[in-house]
Structures are given as C-alpha cells and as structure tokens.
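Chemist: build me a structure from this.
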Amino acid sequence: MELGSKNTVYFVGAGPGDIELITVRGMRLLEQADTIVYAGSLVNPELLKFNQGVELIDSSPLCLDDIIKIIVNESRKGRKVVRLHSGDPSLFGAIKEQIARLGREGIAAEVIPGVSSLAAAAAALPGELTVPGVSQTVIITRAAGRTPVPASEDIGALAAHKATMAIFLSAGLAAAVQEKLGRHYSPETPVAVVQRASWPDEKIIRTTVEQMAAAMEKEGVNRTAIILVGAALEQQGEESLLYASDFSHGRRGPGQKRSGGKESG
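Modeler: This next block holds a predicted model:
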C-alpha cells in the first residue's frame, strides 16, 4: 500500500513491542512516510530505523494541541504523515479526539490496525483466553484511576460474570484490583501478569487472585503490564468442537478426515 492524499494521516498500530509484530501494511507506510509522529514512551525505537530519511517527532512530551498543530502543519506542506501508536490504536489508543480535530481541519484519517499487547500477552503464556466449557467471553477493561470509568463498568461489577478478564493500565492499582476481583472470583482463580509483552525484558508472573498484589509488589511490576484473570488460564476444559470428528461444517461432514486446507467455523 502506498500513502495516498496529502490530506490523509495514517494512524498505524506499531504492535506490542517486538518489531516483527507490526503488520506488513504498517511497515510499508512507515517506509514511505516523510514525517512520523510517534508515541515515544511506548513504541519500540527500532521501528523508526526502517526509514532513515524521515522526520521523527516524539509525542510523549506534547499535549493534544501541540500534536494536532504539528500534524496539520506537516500535512499542509504536502508531507506524508504517519501517526505511530503502540499496540492496536482501537484499544486505549486516544485516537478519537485526534481524528475529530484533524477532520475539522479538513484532514482525513485512516487507521491501520496493529497487534494488541493483549494478543502478545496471551501468546507469551502461551495460552488461549477462550476455553470451551470454561469461558467464551473476554472482558477488556481498566481500573478507575486518573481516568474514570463508568460505575457500571467497575471491575467489581464486571467480575460478577467470572469471564476471562484482561485489565489494562492498572498495574499500579494492584491492591484495589485484587479486592474487587475477590468479590466474585475464588481466591485460587489463576492470574497471569505480563509486563512488556514481546519485548526482550518481558516478565510473566503466574499467581492467583488472592496472591496477585503481593506477587506484583515482590517482582516490582507496577506499570506497562496486562493483568489476565480467569479459569481459562488453567488451560483446562472441553476440547473445541471445531476439530471434533463428529462436528460438521461447510468444509467437512461428520467423520470426514481432512488432509489439508483452510478450516471453517
């Protein structure tokens, strides 16, 4: 894919950290950009080396007004602009307000999805967050801190579902999160805390709801970590019906053995 109109800014998901986990499309856009405005506190700087002639602007010390001013000015100069976000921009990416403001300036936005740190954390375990007979639901949320959450989405309320939970941006509130999880999950419910998933210094803590806060404090994990909670982390439960010999679908009848090809659910 090539960068198109000078009046389009591309919001690219950089992935969780490992430079090989950016999408091919995202990488091509980086290589073609004249200006990259990147989240310096979270994006792997090695990604920026794929385009040696580009102008690099670290957005971490900037406020929203500054970021928009830079993007608008660069776009109006006819420069090809990529806004590089960590993970996938749709999850806690703070892109809505940027796109809205750019629209008011007559600049369109296109979002290129990225590999979420949630996917990288699950892969690091390695594990599946949806296990038949255990949990078929993943709740993605965060604890209320400086950024509030609606009362109906409080972790204590969401925990009542006893589904798999993926808790972002809350490692510094471990004790409060543990207390709220403990209202509904049993004390021995598995917890996996993955810090800096896919980075060279990735750290994994396997613990339980009852021991979560103490385990995180012991390991010094209080930021850039995802807290995964739920019985699915035990990797026990029923086997998926998809590959069962007596389960038919559009590509396979009951009892039909497959030698290859694409599965269909």
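Chemist: from here on, contacts and neighbour counts on C-alpha atoms
Modeler: Will do.
Chemist: now residue 36: which helix or strand?
Modeler: Following DSSP states H and E, one finds residue 36 within strand 35-38.
Chemist: and that strand, how far out from the chain's middle?
Modeler: Relative to its chain's centre, strand 35-38 lies at 20 Å (C-alpha atoms, centre = their mean, to the nearest Å).
Chemist: who does that strand pair up with?
Modeler: strand 55-58 (parallel), strand 81-85 (parallel) (DSSP bridges).
Chemist: would you tell me which one of those strands is buried the most?
Modeler: With neighbours defined by mean count of other C-alpha atoms under 10 Å, none of the strands paired with strand 35-38 is more surrounded on average than strand 81-85, at a mean of 27.
Chemist: can you tell me what sits against it?
Modeler: With C-alpha atoms under 8 Å, 6 or more residues apart in numbering as the test, strand 81-85 has contacts from 8-14, 29-30, 33-39, 42-43, 71, 74-75, 93.
Chemist: got it, and stretch 193-204?
Modeler: Contacts of stretch 193-204 (C-alpha under 8 Å, 6+ apart): 16-18, 117, 120-121, 124-125, 192, 205-206, 216, 221, 223-228.
Chemist: hmm, try it at 6 Å
Modeler: Stretch 193-204 has contacts (C-alpha atoms under 6 Å, 6 or more residues apart in numbering) with 17-18, 120-121, 205, 224-227.
Chemist: I'd say residue 172 and residue 220 touch.
Modeler: No - counting by C-alpha atoms under 6 Å, residue 220 is not a contact partner of residue 172; they are 10.0 Å apart.
Chemist: between the two, which one's more packed in?
Modeler: Neighbours per residue (other C-alpha atoms under 10 Å) separate residue 172 from residue 220, with residue 172 holding more: 18 against 9.
Chemist: quick one, phi/psi of the more buried one?
Modeler: phi -80, psi 0 (degrees, to the nearest 10).
Chemist: returning to that earlier point: indicate which one of the strands paired with strand 35-38 is closest to residue 24.
Modeler: strand 81-85 (14.2 Å; C-alpha to C-alpha).
Chemist: can I get the strands paired with strand 35-38 in JSON lines with mean pLDDT?
Modeler: As requested, those are arranged in JSON lines below (pLDDT from 0 to 100):
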{"stretch": "strand 55-58", "mean pLDDT": "96"}
{"stretch": "strand 81-85", "mean pLDDT": "97"}
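Chemist: any chance of those in a markdown table, with distance to residue 112 too?
Modeler: Shown next, in a markdown table, are the strands paired with strand 35-38 (distance: least, C-alpha to C-alpha, whole Å):
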| stretch | distance to residue 112 |
| --- | --- |
| strand 55-58 | 19 |
| strand 81-85 | 10 |
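Chemist: of these, which is nearest residue 157?
Modeler: Closest of those to residue 157 is strand 81-85, at 30.2 Å (criterion: C-alpha to C-alpha).
Chemist: what angle sits between whichever helix or strand comes after that closest one and strand 81-85?
Modeler: Heading C-terminal from strand 81-85, the first helix or strand you meet, by DSSP H and E, is helix 96-104. Orientation check (axes from the mean of the first three to the mean of the last three C-alpha atoms, to 10 degrees): helix 96-104 against strand 81-85 gives 170 degrees.
Chemist: got the domain ranges for the protein?
Modeler: Domain assignment for the chain by automatic domain parsing gives 8-115, 118-234.
Chemist: and residue 209, how far from residue 27?
Modeler: Look at residue 209 and residue 27: by C-alpha to C-alpha, to the nearest Å, they are 39 Å apart.
Chemist: show me which of the contacts of strand 81-85 are buried.
Modeler: Neighbour counting by 16 or more other C-alpha atoms under 10 Å classes 8-14, 29-30, 33-39, 42-43, 71, 74-75 among those as buried.
Chemist: put the alpha carbons of the strand or helix carrying residue 213 into PDB.
Modeler: Using DSSP H and E, residue 213 sits within helix 212-219. Output of helix 212-219 as PDB, limited to C-alpha atoms (Å, rounded to 0.1, in the frame of the first residue of the first chain):
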ATOM      1  CA  MET A 212      -1.800 -11.100  43.000                       C
ATOM      2  CA  ALA A 213      -0.900  -7.800  44.700                       C
ATOM      3  CA  ALA A 214       1.800  -9.400  46.800                       C
ATOM      4  CA  ALA A 215       3.300 -11.200  43.800                       C
ATOM      5  CA  MET A 216       3.400  -8.000  41.700                       C
ATOM      6  CA  GLU A 217       4.900  -6.000  44.500                       C
ATOM      7  CA  LYS A 218       7.600  -8.600  45.100                       C
ATOM      8  CA  GLU A 219       8.500  -8.500  41.400                       C
END
